[in-house]
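> no sequence for this one, just the structure:
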């Protein structure tokens, strides 16, 4: 009798499109969740309790990292304001970044707050995102365990703030609430210009916002999944609730991956912009020219100020690879890089500097400065042979970032698995045991 009832239930689920594609419904039903709030604990508990094995709650003030030991996924709810806490925050309720290993969903502005304290991706963007998912990627998170109905997408006029980058008159979006006209509380979206260079980061979708169409609304860094949409389950429609459930299931499979890059947030103090920023801002007519002037050194601006706006952008295109932050975090030309003739984030950087280490005089001294500046992960005060051996050993796992950090990193998960970092991306970074669930 039970088997027949089970088949009937499965048939009913198939009809309404809730059966997972490659995983069973018990994947969600077996998860143990801890919600850390307490602002919306009732809404999340009421929604999730019938669907998971266990859900408990904790306040941010009372939470200890050891409290999460017996749970599979943590949901962190941490609004920017209205909670009696200072912004920008100085400490994290989860403790130290290096000590946190639990798969975690960052709800709404929790992604910003945690990024400020832990220097994660997610610390630069805008609290201006509507519950309208945009630019959905082809990814398992929209399919499993519940299929997100892309036929529910609607056409809306291209938002004014998108028109500098999108010339089409309309865009397709997926509403995550039934009432798309309501003045919903804004979610947190993150500027994603550098995401592609970071192996532990994957972008699932953006969201309609008041800055740029490239901003990320739903994305992952290591064991942290940023669910930037601000609405609670009771405010979301069926697609929004399914997306939340899929996000919980997806991140539960990332117990081994970790955030790698150190990305300072401008909310915590001055930060250097990406090298591509000056040219990009100059080509956007909505950005005043003073904005570009404010992020470069006076010496750089003196060189470009006589040029037209278009010529300024071209100058930055030509010299972008030599830009580097000074002590005040403004971009200047790195004279050592100019002399080397190659950008710091190219593999040739190591070939050139290691070769120069073997020389005498000026070239060797310059190479030492450059390696110390851009490759702090390498051998300290290493000999040419030590550097050469280090580069041979670590080249498959190395990547560079200029998101305020301007340095090389080693991908520890790629190193651990003995697979080149460029090949270990996205879902393939899920747990080695049972990683097929993420493919």
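Sure, I can see it. Please read all numbers here as calculations on a predicted model, not as lab measurements. Residues are numbered from 1 along each chain as shown.
> Contact partners for residue 194?
Each residue near residue 194 by CB atoms under 8 Å, 6 or more residues apart in numbering is listed here: 274, 401, 402, 403. C-beta: built from backbone N, CA, C; applies to glycine.
> Please verify my assumption that the third one contacts residue 274.
Translated: residue 402. Yes: counting by CB atoms under 8 Å, residue 274 is a contact partner of residue 402 at 5.5 Å.
> if you count what's nearby, which of these two comes out ahead?
residue 402 (25 against 20; other CB atoms under 10 Å).
> what residues are up against that one?
Residue 402 makes contact with 194, 272, 274, 275, 345, according to CB under 8 Å, 6+ apart.
> in a helix, that's where residue 141 is, yeah?
Yes: counting by DSSP: H, G, I helix; E, B strand; the rest coil, residue 141 falls inside a helix.
> That one - how many residues pack around it?
The number of residues packed near residue 141 is 23, by other CB under 10 Å.
> Please tell me I have it right and it contacts residue 250.
Yes: in this structure, residue 141 is within contact of residue 250 by CB under 8 Å, at 4.9 Å.
> those helices in this structure, which residues are they?
Shown for the chain, the helices assigned by DSSP state H span residues 2-16, 26-29, 41-48, 110-118, 238-251, 277-282, 289-294, 298-304, 309-319, 335-340, 348-357, 362-374, 384-394, 412-417.
> Enumerate the positions of stretch 380-394 that are buried.
By 16 or more other CB atoms under 10 Å, the buried positions in stretch 380-394 come out as 382, 384, 387, 388, 390, 391, 394.
> Is it correct that the last one is in contact with residue 409?
So the one you mean is residue 394. No: using CB under 8 Å, residue 394 is not in contact with residue 409, being 10.0 Å away.
> shared neighbours of those two, which are they?
Shared contacts of residue 394 and residue 409, defined by CB under 8 Å, 6+ apart, are found at residue 377.
> which stretches of the stretch 1-150 of the chain have low pLDDT?
1-26 (pLDDT under 70).
> What's the local residue count around residue 57?
Per other CB under 10 Å, the neighbour tally for residue 57 reads 17.
> Then the one 10 residues further on?
Applying other CB under 10 Å, we find 14 residues neighbouring residue 67.
> Number the residues from 96 up from this point.
Happy to do that; since the first residue is 96 now, the last one works out to residue 162.
> Find the nearest non-adjacent residue to it, please.
Nearest residue to residue 162, sequence neighbours excluded (CB to CB, 6 or more residues apart in numbering): residue 153, at 5.9 Å.
> The one you found pairs with what?
Counting by DSSP bridges, residue 153 forms beta bridges with residue 131.
> how much space is there between it and residue 130?
To residue 130, residue 153 is 7 Å away according to CB to CB, to the nearest Å.
> quick one, which of the two is more surrounded?
Taking other CB under 10 Å, residue 153 and residue 130 do not tie; residue 130 has more neighbours (24 against 19).
> Quick check: the more buried one touching residue 150?
Yes: in this structure, residue 130 is within contact of residue 150 by CB under 8 Å, at 6.4 Å.
> Please identify every residue contacting each of the two.
Shared contacts of residue 130 and residue 150, counting by CB under 8 Å, 6+ apart, come down to 139, 140, 143.
> all strands for the stretch 246-395 of the chain, in order.
In the stretch 246-395 of the chain, the strands defined using DSSP state E, counting those that start in this stretch lie at 249-252, 265-270, 282-285, 296-302, 311-316, 319-322.
> export the ones you listed to a markdown table and tack on mean pLDDT?
Listed next are the strands of the stretch 246-395 of the chain as a markdown table, based on pLDDT from 0 to 100:
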| stretch | mean pLDDT |
| --- | --- |
| strand 249-252 | 97 |
| strand 265-270 | 97 |
| strand 282-285 | 98 |
| strand 296-302 | 98 |
| strand 311-316 | 98 |
| strand 319-322 | 98 |
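> and of these, who's closest to residue 523?
Closest approach to residue 523 among those (CB to CB): strand 296-302, 10.0 Å.
> That closest one pairs with which strands, and in what direction?
When DSSP bridges is applied, strand 296-302 pairs with strand 227-229 (antiparallel), strand 311-316 (antiparallel).
> Identify the residues contacting the last one?
Put plainly, it is strand 311-316. By CB under 8 Å, 6+ apart, the list of residues contacting strand 311-316 from outside reads 215-217, 220, 224, 228-229, 236, 282, 284-287, 290, 293, 295-302, 304, 320-324, 338, 342, 345-346, 349, 354.
> Weed out the non-buried ones from the residues you listed.
Buried subset of the contacts of strand 311-316 (neighbour count, 16+ other CB under 10 Å): 215-217, 220, 224, 228-229, 236, 282, 284-287, 290, 293, 295-302, 304, 320-324, 338, 342, 345-346, 349, 354.
> circling back: from the shared contacts of residue 130 and residue 150, pick the one nearest residue 185.
residue 139 (26.1 Å).
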